[in-house]
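sharing a model that was predicted from the sequence below.
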Amino acid sequence: MNKFQSIWKTLGPGFLYAGAAVGVSHLVQSTKAGAQYGFLLIGVVIASNFFKYPFFEAGPRYASATGESLIKGYERIGKWAVWLFAILTFSTAFIIQAAVTVVTAVLLNNLVGLNWPAYASSALLLLICSSVLMFGKYHLLDKVIKWVVVILSVTSVVAFARASGIETNVHLFPNWIWNETSFIFLFALMGWMPAPMDISAWQSLWTVEKKNDNKGHFNLKEALRDFHIGYWGTAILALIFLALGALVLFAQGIDLSNLKSGNDFADKFISMYTQTLGNWTKPIIAIAAFATMFSTTITVLDGAPRVFSELGTTLFNQANHKNRIYQYAVLIISFGGLALIWLYAGKDTMGKLIQIATITSFLTAPLISALNYKLIFSKHTPAYAKPR
């Protein structure tokens, strides 16, 4: 086995992070940022990735060094920390699932030419995802998502390279308009850039799972390398999506804020690639975009139930029923997310759900970050594993 194969084999939680992150925040929010504001918000995207980095990194750092999740670490701080995290997780789990699922449903309708309402396509997707997780579990998720993320990344980089050569007379750094709409979008962009902070706990659970799969052979160096590839790779992709939105859509005066439906967004998103790479790429991009969002949907549906099963073990001593709690949580979150999609069914279901989910995550992020900071510098983290 050569060095590349050896590294590839150790990768996993970082790609699961990427599978969860490169979804709404990248395909939708970053693209809209470029389409509506040109390159004006590029500093916001860079800053969000930079300042959130230490708090996301706490997940794989703590888990690889101790062999336990952040949630178990919160328990060492005090039960209050676990209860706080449980409340924050419960407040976001259903809306996050609804938001990522409805975007995937929109891309599915666009891909296969369905004219189904969003809640019908979402129901089909959640049925498929929950079935895979009930029977395939982590191993299938780990193998599939690596390739999904790689395919969309390569096509996006090539499209960006082609779009960079397009000449335009449009000023790509417009003046910032100070109004309610722009501020709401700014908070929404930062809320999920690069991902909801909840995912730091999810990644600690994936890291523990990877460590167990490798019979304990997943050390701090390997875990951080895996995380850095996933984290900084998605940060670069966020900038690429913003640039594509600016160079292709903003330059043509195509405003994504006034679209009538999610299908309109899907059409405009795919047009960024067809205009730069050619119409022959449409089916490839449509499949890659759907596959990416599908990976986000199934990763989110795996992450939150893992957290709930860990919370059940930590708060109620239900270690013997951990797998059963996970399965029940998958079903409950699926039904809860679908109920929200049905509740917000209408003209702009996708836009409303994304706005609520991203702003909620913006508000909860500081509290989860504070918990991670407190834990990673506490006596419960081995001295060699503490960051500088």
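Perfect, thanks for sending it.

which ones are touching S130?
L301, V330, L331, S334 (Cβ atoms under 8 Å, 6 or more residues apart in numbering). Backbone N, C-alpha and C define where each C-beta goes, glycine included.

the residues you listed in helices, which ones?
Members of the contacts of S130 lying in helices (criterion: DSSP state H): L301, V330, L331, S334.

the first one against C129, yeah?
Yes: taking Cβ atoms under 8 Å as the contact criterion, L301 and C129 are neighbours in contact, 5.0 Å apart.

element containing the residue of the chain positioned farthest from its centre?
Here the centre of the chain is the reference, and by Cα atoms, centre = their mean the most remote residue is N169, at 34.4 Å. Using DSSP states H and E, N169 is not contained in any helix or strand.

try T92
T92 belongs to helix 79-112 when assigned by DSSP H and E.

downstream of that helix, the next helix or strand is which one?
Downstream of helix 79-112, the next assigned helix or strand under DSSP H and E is helix 118-135.

could you list the buried residues of that next one?
Within helix 118-135, the residues scored as buried using 16 or more other Cβ atoms under 10 Å are A118, Y119, A120, S121, S122, A123, L125, L126, C129, S130, V132, L133.

where does the prediction get shaky in the stretch 201-350 of the chain?
Counting by pLDDT under 70, the stretch 201-350 of the chain shows low-confidence ranges at 214-217, 258-262, 347.

check the offset of the one helix or strand P366 maps to from the chain's centre.
In this assignment (DSSP H and E), P366 forms part of helix 349-376. Between the centre of helix 349-376 and the centre of its chain there are 12 Å (Cα atoms, centre = their mean, to the nearest Å).

pLDDT wise, what is V82 at?
Reported pLDDT at V82 in the predicted model: 94.

give me the contacts around stretch 343-360.
For stretch 343-360, contacts defined as Cβ under 8 Å, 6+ apart pick out 24-25, 28-29, 91-92, 95-96, 98-99, 102-103, 106, 117-119, 184, 187-189, 191-192, 196, 259-262, 265, 340-341.

can you map out the helices along the stretch 151-300 of the chain?
Here the stretch 151-300 of the chain has its helices, by DSSP state H, counting those that start in this stretch, at 180-191, 199-213, 220-244, 262-277, 282-316.

out of these, flag the one nearest S153.
In terms of Cβ to Cβ, the element of the helices of the stretch 151-300 of the chain nearest to S153 is helix 220-244, at 6.1 Å.

okay, angle between the helix holding P366 and helix 79-112 too, please.
Interaxial angle, helix 349-376 versus helix 79-112 (axes from the mean of the first three to the mean of the last three Cα atoms, to 10 degrees): 150 degrees.

from now on call the first residue 314
Got it, the first residue is 314 from now on, which makes the last one we talked about helix 662-689.

what's the angle from helix 662-689 to helix 575-590?
80 degrees.

buried sites along helix 662-689?
662-675, 677-678, 681-682, 684-685, 687-689.

ok, now stretch 496-506?
F498, L499, A501, L502, M503, G504, W505, M506.

now do stretch 557-572
L557, G558, A559, L560, V561, L562, F563, A564, I567, L569, L572.

same thing with stretch 534-544?
Across stretch 534-544, burial judged by 16+ other Cβ under 10 Å covers E535, A536, L537, R538, D539, F540, I542, G543, Y544.

return the distance of it from the chain's centre.
Remark: stretch 534-544 is offset 16 Å from the chain centroid, using Cα atoms, centre = their mean.

may I have that stretch exported as PDB, CA atoms only?
Listed next in PDB are the C-alpha coordinates belonging to stretch 534-544 (Å, rounded to 0.1, in the frame of the first residue of the first chain):
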ATOM      1  CA  LYS A 534      -2.200  13.400  14.000                       C
ATOM      2  CA  GLU A 535      -4.300  11.300  11.700                       C
ATOM      3  CA  ALA A 536      -7.600  12.700  13.100                       C
ATOM      4  CA  LEU A 537      -6.400  16.300  12.600                       C
ATOM      5  CA  ARG A 538      -5.100  15.600   9.100                       C
ATOM      6  CA  ASP A 539      -8.400  14.100   8.200                       C
ATOM      7  CA  PHE A 540     -10.200  17.100   9.700                       C
ATOM      8  CA  HIS A 541      -8.000  19.700   8.000                       C
ATOM      9  CA  ILE A 542      -8.600  18.200   4.600                       C
ATOM     10  CA  GLY A 543     -12.300  18.300   5.100                       C
ATOM     11  CA  TYR A 544     -12.500  21.700   6.800                       C
END
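
who's in contact with that stretch?
Residues contacting stretch 534-544 (Cβ under 8 Å, 6+ apart): 320, 323-331, 334, 362, 366, 369-370, 372-374, 376-377, 507, 516, 520, 523.

which among these count as buried?
Neighbour counting by 16+ other Cβ under 10 Å classes 323-331, 334, 362, 366, 369-370, 372-374, 376-377, 507, 516, 520, 523 among the contacts of stretch 534-544 as buried.

so of the residues you listed, which ones are in helices?
Using DSSP H, the buried ones among the contacts of stretch 534-544 in helices are 323, 326-331, 334, 362, 366, 369-370, 372-374, 376-377, 516, 520, 523.

how far away is V521 from G380?
7 Å (Cβ to Cβ, to the nearest Å).

what does S584 give?
Distance, S584 to G380, by Cβ to Cβ: 48 Å.

which one of these two has more residues nearby?
S584 (17 against 14; other Cβ atoms under 10 Å).

my guess is that one contacts G558. True?
No: in this structure S584 lies outside contact range of G558 using Cβ under 8 Å: 11.1 Å.
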